[in-house]
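K.L.:
Got a predicted structure plus its sequence, pasted below:
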Amino acid sequence: MNKHHESTGPAGEQQITLRGPAELADALPYLMGFYPNDSVVMVALHGGRGRFGGRLRLGIPQAPGEWGPVADQLAECLVSGSERREGRPDAIVLFFCQDSPDGAGGRQTMERLRPFAQRLRTACGALDVPVLEALCISDGRYWSYCCPDPRCCPDQGNPLAMPGTTVMAAAATYAGVHVRGTLRDMEARLQPLRTPVAVRAQEKALDRVGPALLPRLLDERARREVAAETLRLARTLMDRIEEAQPAPPALSDAGDDQLIDSDEAAALILGLQDRETRDRAAAWMEGPEAQAALRLWRTLARRCVGPYGEHAAAPLTLAGWVSWSTGDEPGARVALALALRADPDYTFAQLLHRACNEGLDPEALRRCLREAAEEDTGVGAEAADAVVDTVADRGAVPLHVRKVRPLPGGGGRRGRAPRPPGTERGKASSGSARPRTPVTGRRTRDARRYGRRGSRTRR
């Protein structure tokens, strides 16, 4: 067993010394704010006592053929990101978290992931940053990839400590640090409904509302009316949610789903595809209304079912923004990652995700939104630029966003030109087929590409 100390905080703050793999494994949920299922986690260490620095998490690639390139990218990302924020790390700790399918094969999982662990250790070493410890956590046990001694690291692994019984758990409780459950649980609160009856009802509502709303979104004067209607409806539903009795997360989500009918959800989902409307809704980011807004955005994300999954980028980005603004960085990262999974080119989600991961202060964007709310104007370009400027001030690598063509006919608005019928967005991988999208779903997705402002990038 490798004996080493890691301090959980910088000098001058309360510090906890972790000794060995057992305490490292126990500390992981407190470092991340949740239990990272099916993930590889990298943590930078700084100084002679190993102060924890930047953290990086990624879902474990399913195909072993991807492990080599992914390992190189992860090592480069953590080291370069640490250099921008806290200085080059002195060492790195790795965690591989994945349970076996049947819950009884942790050792097999550990052996299967061993080549990935070795590849990542080699990638870090190539950057002259040693891996101090690499742990596999599976089925309630942990194994060390760095310790060859079976006396302390047996083949069957070591059991994890009981939750809440360790020094780290006591210190986290004292400091008010909460573990929000598993990553899988956090994602489930934001993923589309699965009950067949609810899915059919919501999809029919979206199909019904879309054709009526699309022409209005493409008309300048009617667009303003749609924006006002969308924001009034959102405010009404937030008040309705706020009046509901508080409940545990799972019950609260179910209750929120019952408070909002399918037509209301459809009207809001489609209305928020307008960037300016979305940015005005982002002003509900602090104070008592923030939690009601967050619950509403989560509910709308769950209603983006079937071919409307891409529409979830807007409510998920709003959920991520409110979480970040109110201090819930783990929740923000999960929501923004899902937004980018729904639409990888959604620029506002890209910017917020980068800023949140850089550890920036969201006050610059909050101030921009407050000023816009006082003037009752949209802030599509300005809000994104506030994040860009803040990221640039920290020396982060700039984002590269695609330029878009003007609308046909010389219109003042700019956005991505609508695709001809039958064409697909992006390139599908070989051997994969993308399901055909109903006409209404495709038309409403095209409509949301338009922004009233003549910005040069997708927002």
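P.N.:
Alright, I've got the coordinates.

K.L.:
measure the residue located most distally from the centre of the chain to Pro61 for me?
P.N.:
The outermost residue of the chain, judged against the average C-alpha position, is Arg151 (40.3 Å), by Cα atoms, centre = their mean. Between Arg151 and Pro61 the computed distance is 33 Å (Cβ to Cβ, to the nearest Å). Using the backbone N, CA and C atoms, a C-beta is placed for each residue, glycine as well.

K.L.:
Now do the strands in the chain.
P.N.:
Assigned by DSSP state E, the strands in the chain fall at 5-7, 17-19, 39-46, 51-59, 91-97, 131-138, 141-144, 158-159, 414-415, 450-451.

K.L.:
how about those in CSV, adding mean pLDDT and distance to Asp345?
P.N.:
Putting the strands of the chain into CSV (pLDDT from 0 to 100; distance: least, Cβ to Cβ, whole Å) gives the following:
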stretch, mean pLDDT, distance to Asp345
strand 5-7, 36, 39
strand 17-19, 66, 41
strand 39-46, 94, 24
strand 51-59, 90, 20
strand 91-97, 96, 29
strand 131-138, 94, 34
strand 141-144, 94, 39
strand 158-159, 90, 44
strand 414-415, 34, 12
strand 450-451, 40, 14
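
K.L.:
got the ones you listed as a markdown table, with mean neighbour count and distance to Leu272 columns?
P.N.:
Written out in a markdown table, the entries for these read as follows (neighbours: other Cβ atoms under 10 Å; distance: least, Cβ to Cβ, whole Å):
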| stretch | mean neighbour count | distance to Leu272 |
| --- | --- | --- |
| strand 5-7 | 19 | 43 |
| strand 17-19 | 16 | 44 |
| strand 39-46 | 23 | 30 |
| strand 51-59 | 19 | 27 |
| strand 91-97 | 25 | 34 |
| strand 131-138 | 24 | 38 |
| strand 141-144 | 24 | 43 |
| strand 158-159 | 14 | 47 |
| strand 414-415 | 22 | 15 |
| strand 450-451 | 22 | 13 |
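
K.L.:
Contacts for stretch 222-229, please.
P.N.:
With contact meaning Cβ atoms under 8 Å, 6 or more residues apart in numbering, stretch 222-229 is reached by Leu213, Pro215, Arg216, Leu217, Ala267, Gly271, Asp274, Glu276, Thr277, Arg280, Gly378, Arg452.

K.L.:
Show me the two of the residues you listed that sit farthest apart.
P.N.:
When Cβ to Cβ is used, the two most widely separated members of these are Pro215 and Arg280, lying 21.7 Å apart.

K.L.:
The two: which is more packed in?
P.N.:
Legend: neighbour count by other Cβ atoms under 10 Å for Pro215 and Arg280, higher for Arg280 (25 against 11).

K.L.:
from memory that one sits against Arg370, does it?
P.N.:
No. The criterion here is Cβ atoms under 8 Å, and Arg280 misses it with Arg370 at 12.0 Å.

K.L.:
buried set for stretch 291-310?
P.N.:
291-310 (16 or more other Cβ atoms under 10 Å).

K.L.:
which ones are touching Cys146?
P.N.:
Asn2, Val131, Leu132, Glu133, Ala134.

K.L.:
what about 10 Å?
P.N.:
1-2, 21, 93-94, 117, 121, 131-135, 153 (Cβ atoms under 10 Å, 6 or more residues apart in numbering).

K.L.:
Gly140 now?
P.N.:
By Cβ under 10 Å, 6+ apart, Gly140 lies in contact with Asp99, Gly103, Gly106, Gly157, Pro159, Leu160.

K.L.:
Closest one to Glu86 out of the residues you listed, please.
P.N.:
Leu160 (29.0 Å).

K.L.:
Verify the stated contact: that closest one with Ala22.
P.N.:
Yes. Applying Cβ atoms under 10 Å, one finds Leu160 in contact with Ala22, separated by 8.0 Å.

K.L.:
any idea where the helices of the stretch 201-350 of the chain begin and end?
P.N.:
Counting by DSSP state H, counting those that start in this stretch, residue ranges of the helices within the stretch 201-350 of the chain are 220-243, 249-259, 262-271, 275-281, 288-302, 313-325, 329-342, 347-357.
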